[in-house]
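Chemist: dropping a prediction and its sequence here:
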Amino acid sequence: MQNIAILCSGGDVSGMNPALKHFVEYTLQKNLTPYFVYDGYEGLIDNKIEQASYCDVSGIINRGGTKIGSARSQRFMQKKYRDIAKQNLDTLGIEMLVVLGGDGSFRGLDIFYKETGIKFCGIPATIDNDINATDYSLGVDTALNIIKTSIDAIRDTASSFKRAFVIETMGRDCGYLALVSHLTSGSELCLIPEKEYDLKSFEDDFKKQIKNGRKYFIAIVSEGIKQDSSEIAQWFENKIGMESRVSILGHIQRGGNPTIYDRLMAYKFITHAVDGLLAGRDESVICYTKSGFEFNSIEEVTSKTKELDAELLSYLDKP
């Protein structure tokens, strides 16, 4: 039997545990021996690698985060530690790796493969949804639903106290979460890194809305914009004339019970990743687009900054 391992790298997302569950079940079905690497690339170096079985994944499909842990490894950037990781895999006879992570994780994999020949398939897993060549990353749907629930709850208070609320989402340099949440929540303002803005251009319209009876505002901003959320709140108070508050959703967006869609996508990502490795795809990332699932090279995935859907962006220009 061939041995295959899975690890999680970078930020955790809801959907990783469903992926781990299907990884064990599907690899055993394919007569492979599955292994878990605990704590990401750090676990590869520290030899935290254990054979997995059905009992290891029982009852985890509904849990957020990742049972096997994750990490961002500075040591893995150094060849001497990658050599140690290779020795640990060789000792266990592991020749294939499935990695749940993002751009940085995949770049590390690319170097590791070229040095060692360890076959791999990357699965995009980041709530930022900022990975080029894939329309969807594992964990995004759960994050969007967490944000939706938060916005709906905050709206209750905003309307009761006649306030403006500035709600900050994650996204680093990608405004996907903020944009989609804006379009699906009916908020009045959305600010993202991909779109230049001038707050002054909103002032006359917002004041007119207040005169016409508007009692509150919801503004959704991405953490990557040029201003702090507190500055946007001050603008509401000083220029619009409405008391304001800031809610930074932070890491709450990463956790929570995985949605049905993320559980299903985890199932599909894992199936394609394992099948690809068995079919001889030794160095790839499995991506999901409107055309379905497709394998891409590391270069295709990491060489370009992801662009938001032009149609979604165009909605910000509409009144």
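Modeler: Received it, and whenever you're ready, just let me know what you need. On a predicted model such as this, the values are computed, not experimentally measured, just so you know.

Chemist: what sits up against stretch 183-197?
Modeler: For stretch 183-197, contacts defined as CB atoms under 8 Å, 6 or more residues apart in numbering pick out 144, 148, 151-152, 155, 167, 171, 173-175, 178-179, 181-182, 202, 206, 209, 217-222, 224-227, 232, 307-308, 312-313, 315-316. Using the backbone N, CA and C atoms, a C-beta is placed for each residue, glycine as well.

Chemist: now, these that are in strands?
Modeler: Of those, the ones assigned to strands by DSSP state E are 167, 217, 218, 219, 220, 221, 222.

Chemist: what sits up against stretch 48-57?
Modeler: Here stretch 48-57 has contacts from 5, 17, 20-21, 23-25, 28, 33-39, 42-43, 67, 88-89, 92, 94, using CB under 8 Å, 6+ apart.

Chemist: now, of the residues you listed, which are buried?
Modeler: 5, 17, 20-21, 23-24, 33-39, 42-43, 67, 88-89, 94 (16 or more other CB atoms under 10 Å).

Chemist: where do the helices sit along the protein?
Modeler: Ranges of helices in the chain, per DSSP state H, are 16-29, 40-46, 54-57, 79-92, 103-116, 140-161, 176-185, 200-211, 229-235, 260-278, 298-302, 310-314.

Chemist: compare the ones you listed and give me the one nearest residue 125.
Modeler: Checking these against residue 125 by CB to CB gives helix 16-29 as the closest, at 6.3 Å.

Chemist: which other helices and strands contact the closest one?
Modeler: In terms of contacts (3 or more CB pairs under 8 Å, 6 or more residues apart in numbering; DSSP states H and E), helix 16-29 is packed against strand 2-8, strand 32-37, helix 54-57, strand 94-101, helix 260-278.

Chemist: out of those, which gets nearest to residue 213?
Modeler: So among the helices and strands packed on helix 16-29, helix 260-278 is nearest, using CB to CB, at 37.3 Å.

Chemist: mind giving me the packing neighbours of that closest one?
Modeler: helix 16-29, strand 94-101, strand 119-124, helix 140-161, strand 283-289, strand 292-296.

Chemist: apply 7 Å and report the result again.
Modeler: With contacts taken as 3 or more CB pairs under 7 Å, 6 or more residues apart in numbering; DSSP states H and E, helix 260-278 sits against helix 16-29, strand 119-124, helix 140-161, strand 283-289, strand 292-296.

Chemist: nearest to residue 77, of these?
Modeler: Ranking the helices and strands packed on helix 260-278 by proximity to residue 77 (CB to CB) places strand 119-124 first, at 16.9 Å.

Chemist: from residue 266, how far out is the most far-flung residue of the chain relative to its centre?
Modeler: Distance from the C-alpha centroid of the chain peaks at residue 211, with 40.5 Å (CA atoms, centre = their mean). Relative to residue 266, residue 211 is positioned 49 Å away (CB to CB, to the nearest Å).

Chemist: domains in the protein, by residue range?
Modeler: Using automatic domain parsing, the domain parsing of the chain gives 2-139+258-304, 141-254.

Chemist: which of these is buried the deepest?
Modeler: Mean neighbour counts were compared across the domains of the chain using mean count of other CB atoms under 10 Å; the top stretch is domain 2-139+258-304, at a mean of 20.

Chemist: picking up where we left off before, how about CSV for the helices and strands packed on helix 16-29, with distance to residue 249 and mean pLDDT added?
Modeler: Shown next, in CSV, are the helices and strands packed on helix 16-29 (distance: least, CB to CB, whole Å; pLDDT from 0 to 100):
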stretch, distance to residue 249, mean pLDDT
strand 2-8, 22, 98
strand 32-37, 30, 98
helix 54-57, 29, 97
strand 94-101, 22, 97
helix 260-278, 18, 98
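
Chemist: which of the ones you listed sits closest to residue 160?
Modeler: helix 260-278 (32.3 Å).

Chemist: so how far is the closest one from its chain's centroid?
Modeler: 16 Å (CA atoms, centre = their mean, to the nearest Å).

Chemist: which residues are in contact with it?
Modeler: With contact meaning CB atoms under 7 Å, 6 or more residues apart in numbering, helix 260-278 is reached by 14-15, 18-19, 22-23, 26-27, 30, 61, 96, 98, 119, 121, 123, 136, 138-139, 141-142, 284, 286, 293, 295.

Chemist: the residue farthest from the centre of the chain: what's it in contact with?
Modeler: Here residue 211 is in contact with no residue (CB under 7 Å, 6+ apart).

Chemist: and it, how close does it get to residue 240?
Modeler: Taking CB to CB, one finds residue 211 at 12 Å from residue 240.

Chemist: now swap in residue 108 and tell me
Modeler: Distance, residue 108 to residue 240, by CB to CB: 46 Å.

Chemist: please apply the same query to residue 4.
Modeler: 57 Å.

Chemist: from residue 160, how far out is the residue nearest in space to the middle of the chain?
Modeler: Nearest to the mean C-alpha position of the chain, by CA atoms, centre = their mean, lies residue 126 at 1.7 Å. Remark: distance between residue 126 and residue 160 (CB to CB) = 35 Å.
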